[in-house]
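*Asks:* Let's see this in three dimensions:
(2 chains)
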Amino acid sequence: MSMEALVSLAKRRGLVFQSSEIYGGTGSVWDFGPLGVEVKNNIKRLWWRDNVHLRPDMVGLDASILMHPTVWKASGHVDHFTDPMVDCRACKRRFRADHLDTVPWAHYCPAKANNKFEVPAGEPCKHCDNRRTLCPECGKGELTAPRQFNLMFKTFMGPVEEDASLTYLRPETAQGIFVNFDNVLQAMRLRLPFGIAQIGKSFRNEITPGNFIFRTREFEQMEIEYFVNPKDTVNGVPADEYWHERWMQDRLAWYQRYGIRAENLRLREHGKDELSHYSKRTADIEYRFPMGWSELEGIANRTDFDLTQHARFSGKSLTYFDEERKEHVVPYVIEPSGGVDRAFLAFLVEAYREEEVRGEKRVVLRLHPELAPLKIAVLPLLKKREKIVETAQAIRAQLAPRWLTVYDDTASIGRLYRRQDEVGTPYCVTVDVQTVGDPETGEAGDQRVTIRDRDSMEQIRVPIGELTAVCERLFAGESWASLAPRYPPSLKP
RNA sequence: GCGGGAAUAGCUCAGCGGUAGAGCGCCAGCCUUCCAAGCUGGGGGUCGCGGGUUCGAAUCCCGUUUCCCGCUCCA
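*Replies:* Have a look, this model is predicted:
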């Protein structure tokens, strides 16, 4: 499938809109429409349920986006979260200035005659004190002066824009967890290992955003900081390494549980040169997006870097008292950090299918029922029959408190089904003449309705009185195939 | 930020100096007893934005914004 087809569907069906579109759009930010916000909330709810509520060793947190500016000094983001870039004027290649310093370079020194020198990596010219000026790739082009990109958005706390009030929109939710480590520890009486989870917006002034909602400047993270005692071992392995491996496997399984096929997921270990300034080891969970394998979630061993830094900058002790060893330790932390928007995109890409049904193209989102924005659509077969419409609307009202249920009567039944297919509604409930009886013939209604399965397009016929119970079983995961034999469809065609 | 491509109806696109179009979708009506059927009617476009050339610009020129593909970066 192509990203274009998905962008188009997302807009047409109210999943994702470009931000500020009526003003010509604004770069690298997107809005989630009425159906998009449902999917996104579903992703966050499931992540929270599976990673916080179902585990005895996890608690949640919701820290503010604006924090004390020193947080970002301590975290290293003020100093390290920058990429000095230089461009070659001739071949137009772009380089990170710090990478250029890793190779020796040829230099034509203006301060000396007979002036070609080889200068060692990372050193300026001994004679003129210049750094590399020529492109390492094409060898001819002159390089621009390095330009600094700090990827953090600056802002000001309070009405006066002065340096004293300068702070940043957080570039990751993680720091909100680290600075609350001791608060949470005291309030919740926790024992290592334990984790703190948080979902929230983060902001990065990316040099190159793009690929739809894959890389945006405002995005939402689902982060866990899982604290372990580095002195402990599990199965003979240091605790941090054991839990790192565990989280990699758990998180991989989570994506699969909600519909991502194993062949479209992989773990990719970071090389030493690409590790972040805080990381001992990092592995990415990558998904096979339309534009290629790209990161869905990073799982890093941040060691004791963050707690140590914050202890140093704040002067507060951020340690854990090890009762067995009778000593204070600084916990190590394993960080599974996922992008909500990236998960959204991956689930959508994975679910999108174009199928051929009776010679017609059918677009269907085969979303996991828990992710689907709408759970049930109640449809009248004939909108001219008052009794059918009344019954259908009553059924919608009956189901709505339990599942997000919509009613639609604005087209023929086939079209209504296809509309629901396009947004991935797992089940449609149809009310027909047989349900309510036919006043013309005097035939009595059977008070049964049809449930139609999105993926197989098969139907079963269920008494209205059992509808809620049957839906309960379907959404609890009971398979269509096991349920269907008990509720044969209408004998009429 | 650099190079390349693009921007016309909700979507996909045609039109390339002379009155803004098609298909699909959407809305209303008729018809219709379960998978985008048919018929009739309807709403909807500052042709991304700004400037220029011209009697006349969606069309040619300049600028700009946004999107897509690369370089680079990350969740």
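
*Asks:* which residues touch the strand or helix carrying residue A:11?
*Replies:* Element membership for residue A:11, per DSSP states H and E: helix A:3-12. Taking contacts as Cβ atoms under 8 Å, 6 or more residues apart in numbering, the residues outside helix A:3-12 that touch it are A:15-18, A:33, A:36, A:211-212, A:290-291, A:348-349, A:352, A:363, A:422. Where you see a C-beta, it was placed from the backbone N, CA and C, and this is true even at glycine.

*Asks:* Please apply the same query to stretch A:452-467.
*Replies:* Contact with stretch A:452-467 is made by A:357, A:364, A:366, A:391, A:395, A:398-399, A:417, A:420-421, A:424-430, A:435, A:447-451, A:470, A:480, A:483-484, A:487-490, as judged by Cβ under 8 Å, 6+ apart.

*Asks:* list the contacts for residue A:305?
*Replies:* A:277, A:278.

*Asks:* In strands, which of the contacts of stretch A:452-467 appear?
*Replies:* Counted as lying in strands by DSSP state E, out of the contacts of stretch A:452-467, are A:357, A:364, A:427, A:428, A:429, A:430, A:448, A:449, A:450, A:451.

*Asks:* before we move on, the earlier item: now which of the contacts of stretch A:452-467 would you call buried?
*Replies:* For the contacts of stretch A:452-467, a burial check counting by 16 or more other Cβ atoms under 10 Å picks out A:364, A:366, A:391, A:395, A:399, A:417, A:420-421, A:424-430, A:435, A:448-451, A:470, A:480, A:483-484, A:487.

*Asks:* among those residues, which are in reach of RNA strand B?
*Replies:* Applying Cβ under 7 Å from any atom of the strand to the buried ones among the contacts of stretch A:452-467, one finds that A:417, A:421, A:430, A:449, A:450 fall near RNA strand B.

*Asks:* pretty sure the third one contacts residue A:450?
*Replies:* Yes: A contact is recorded between residue A:430 and residue A:450 when judged using Cβ atoms under 8 Å, the distance being 4.3 Å.

*Asks:* how about residue A:286, phi and psi?
*Replies:* Per-residue torsions, residue A:286: phi -110, psi 150 (degrees, to the nearest 10).

*Asks:* same thing with residue A:21?
*Replies:* Backbone torsions of residue A:21, given as degrees, to the nearest 10, read phi -60, psi -40.

*Asks:* what's the neighbour count on it?
*Replies:* Close neighbours of residue A:21, defined as other Cβ atoms under 10 Å, add up to 12.

*Asks:* Kindly provide the distance from it to RNA strand B.
*Replies:* Distance, residue A:21 to RNA strand B, using Cβ to the nearest atom of the strand, to the nearest Å: 8 Å.

*Asks:* Ok, residue A:38 next?
*Replies:* Going from residue A:38 to RNA strand B by Cβ to the nearest atom of the strand gives 19 Å.

*Asks:* now whatever helix or strand that residue lives in: how far from the chain's centre is it?
*Replies:* According to DSSP H and E, residue A:38 maps onto helix A:34-48. Centroid displacement of helix A:34-48 relative to its chain, using Cα atoms, centre = their mean, to the nearest Å, is 10 Å.

*Asks:* before we move on, what about stretch A:407-415?
*Replies:* Its chain's average C-alpha position is 33 Å from that of stretch A:407-415, according to Cα atoms, centre = their mean.

*Asks:* And that stretch, what's buried?
*Replies:* Buried residues in stretch A:407-415 (16+ other Cβ under 10 Å): A:407, A:408, A:409, A:413.
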